[in-house]
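A.B. asks: sequence first, then the predicted structure:
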Amino acid sequence: MRPWEEAIRCVTPYVPGEQPKGNDLVKLNTNENPYPPSPAVLACLREMEGGILRKYPDPASAELVKALAERYGLSEDRIFVGVGSDDVLALSFLTFFNSHRPVLFPDITYSFYKVWAELFGVPYETPALDEDLRIRPEDYRRENGGVIFPNPNAPTGLYMPLDQVEEITAANQDSVVIVDEAYVDFAGPSAAELLDKYENLLVVQTFSKSRSLAGLRVGFAMGSPRLIKALNDVKYSFNSYTMNLPAQLLGAASVRDEAYFRECVERIKETRERAKERLRGLGFSFPDSQANFLFVTHPRVQAGELFEALKGEHIYVRYFNAPRLDKYLRITIGTDEEMEKLFDFLERYLGK
Ligand code: PMP
């Protein structure tokens with residue numbers, strides 16, 4: 001080891017899903033939306049002139065914040081935007097989880113939480129999901145330096161009813177409770193409904209899934225003005241110009257096209273419900289996901305082997321080679337045609 005290496009911050013990084021190249025493949029591995037973004041976004045992109053890249057972008061992303069404030073019925077001082085929800089969540093860890101008490105999140109959840117806790121050097125504890133892979137709200141009644149969980153949870157897809165989200169938030173009014181709603185548009189109501197009651201609640205969402213804009217990198221948080229100010233103070237102390245101007249304008253165009261958003265989300269939900277029936281018929285079992293993916297297991301099939309076999313057919317799904325997860329595959333809901341290709345292969349593979 002070189003002397004300077006002793007002072008390097010060492011972390012085990014988060015490993016994102018593969019981004020395979022090529023057109024002739026079925027990509028169901030990173031929970032992207034199979035449909036294009038709103039035509040309003042594409043029109044805005046075509047009209048954009050290169051000149052907007054010459055100047056620094058608006059550090060407050062005012063146009064996007066305004067569009068979100070109108071859409072969610074909140075004042076602008078209750079909205080924070082970032083470069084994907086990963087950026088918003090990382091900054092939230094840095095801002096709100098800053099004590100010697102452990103941050104709490106489920107043992108099976110978005111694996112980035114552990115990486116941020118380690119990166120920022122905050123202690124954490126991971127209460128286990130129950131045998132049905134559900135979060136037990138009573139596990140979040142112990143002393144902590146913050147709470148975070150996705151709703152729906154990932155990779156199970158299970159949605160927690162709002163009365164339980166409220167139970168966790170109400171029991172933890174001395175810490176910040178973050179609800180990561182990356183997939184909520186495919187599920188039930190958002191915890192944003194609880195924001196007027198709880199000043200310690202931060203609700204984080206993304207444009208990557210329901211708005212088909214994973215490549216644009218836009219995410220946002222909704223919370224009390226005190227939480228949002230704290231986030232902005234940290235952001236401006238780290239990098240003022242995080243979100244580029246095209247992303248701000250295209251993001252705003254997306255938010256303003258409510259009809260297209262609803263249509264796309266409904267289509268994916270319908271495909272998801274049909275996929276559940278087909279997979280059940282093939283002998284798979286899975287938690288009743290309310291997200292845009294299914295977390296499936298089969299009694300006769302080794303998940304790792306099926307993952308490789310699918311890949312051989314250019315069908316990409318996600319496999320987590322980790323305890324408690326390695327019997328499952330996570331399959332993103334694609335278009336009906338993509339799902340048909342998957343089912344065709346599974347029928348052949350299982351000899352049905
Ligand atoms: N939260 C959860 C639960 C996710 O699965 C993801 C997607 N990997 C994210 C947050 C981050 O998504 P993005 O940065 O694209 O908004």
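C.D. replies: Received, thanks. All values reported here derive from a predicted model rather than from experimental measurement. Residues are numbered from 1 along each chain as shown.
A.B. asks: what separates the longest helix belonging to the chain from the chain centre, distance-wise?
C.D. replies: Of all segments of type helix in the chain, defined using DSSP state H, the longest is helix 258-281. Relative to the mean C-alpha coordinate of its chain, helix 258-281 is positioned 18 Å out (C-alpha atoms, centre = their mean, to the nearest Å).
A.B. asks: buried stuff in it?
C.D. replies: Buried positions in helix 258-281, judged by neighbour count with 16 or more other C-beta atoms under 10 Å: 260, 261, 264, 265, 267, 268, 269, 271, 272, 275, 276, 279. C-beta: built from backbone N, CA, C; applies to glycine.
A.B. asks: now, the most widely separated pair of those?
C.D. replies: Pairwise distances across the buried residues of helix 258-281 (C-beta to C-beta) peak at 28.4 Å, for the pair 260 and 279.
A.B. asks: measure residue 53 to residue 46 for me?
C.D. replies: In this view, residue 53 and residue 46 are 16 Å apart by C-beta to C-beta, to the nearest Å.
A.B. asks: could you do residue 159 as well?
C.D. replies: 37 Å.
A.B. asks: if we can go back for a sec, tell me the mean pLDDT over the longest helix of the chain?
C.D. replies: Helix 258-281 shows a mean pLDDT of 98.
A.B. asks: following the chain onward from it, which element is next?
C.D. replies: Using DSSP states H and E, the next helix or strand after helix 258-281 towards the C-terminus is strand 293-296.
A.B. asks: what about residue 53 and residue 46, which has more around it?
C.D. replies: The neighbour comparison of residue 53 against residue 46 (other C-beta atoms under 10 Å) goes to residue 53, with 11 against 7.
A.B. asks: so who does the spatially most central residue of the chain touch?
C.D. replies: For the chain, the residue nearest the mean C-alpha position is residue 182 (3.3 Å; C-alpha atoms, centre = their mean). Listed by C-beta atoms under 8 Å, 6 or more residues apart in numbering, the contact set of residue 182 reads 85, 110, 150, 154, 204, 205, 206, 208, 209.
A.B. asks: state the pLDDT value of the last one.
C.D. replies: According to the predicted model, the pLDDT of residue 209 comes to 98.
A.B. asks: that one sits in which helix or strand?
C.D. replies: Using DSSP H and E, residue 209 maps to neither a helix nor a strand.
A.B. asks: hang on, isn't it packed against residue 30?
C.D. replies: No: using C-beta atoms under 8 Å, residue 209 is not in contact with residue 30; the gap is 9.9 Å.
A.B. asks: quick one: which of these two has more around it?
C.D. replies: residue 209 (26 against 18).
A.B. asks: show the backbone phi and psi for that one.
C.D. replies: Backbone torsions of residue 209, given as degrees, to the nearest 10, read phi -110, psi -80.
A.B. asks: cool, and residue 97?
C.D. replies: According to degrees, to the nearest 10, residue 97 has phi -110, psi 80.
A.B. asks: ok, residue 235 next?
C.D. replies: With angles defined as degrees, to the nearest 10, residue 235 sits at phi -60, psi -50.
A.B. asks: that one: neighbouring residues, count only.
C.D. replies: Neighbours around residue 235, by other C-beta under 10 Å: 21.
A.B. asks: remind me what the longest helix of the chain packs against, helices and strands.
C.D. replies: Helices and strands touching helix 258-281, by 3 or more C-beta pairs under 8 Å, 6 or more residues apart in numbering; DSSP states H and E, are strand 293-296, helix 336-349.
A.B. asks: how about a cut-off of 6 Å?
C.D. replies: When contacts are defined as 3 or more C-beta pairs under 6 Å, 6 or more residues apart in numbering; DSSP states H and E, helix 258-281 packs onto helix 336-349.
A.B. asks: which residues touch the helix it packs on?
C.D. replies: 26, 271, 275, 278, 282, 313, 315 (C-beta atoms under 6 Å, 6 or more residues apart in numbering).
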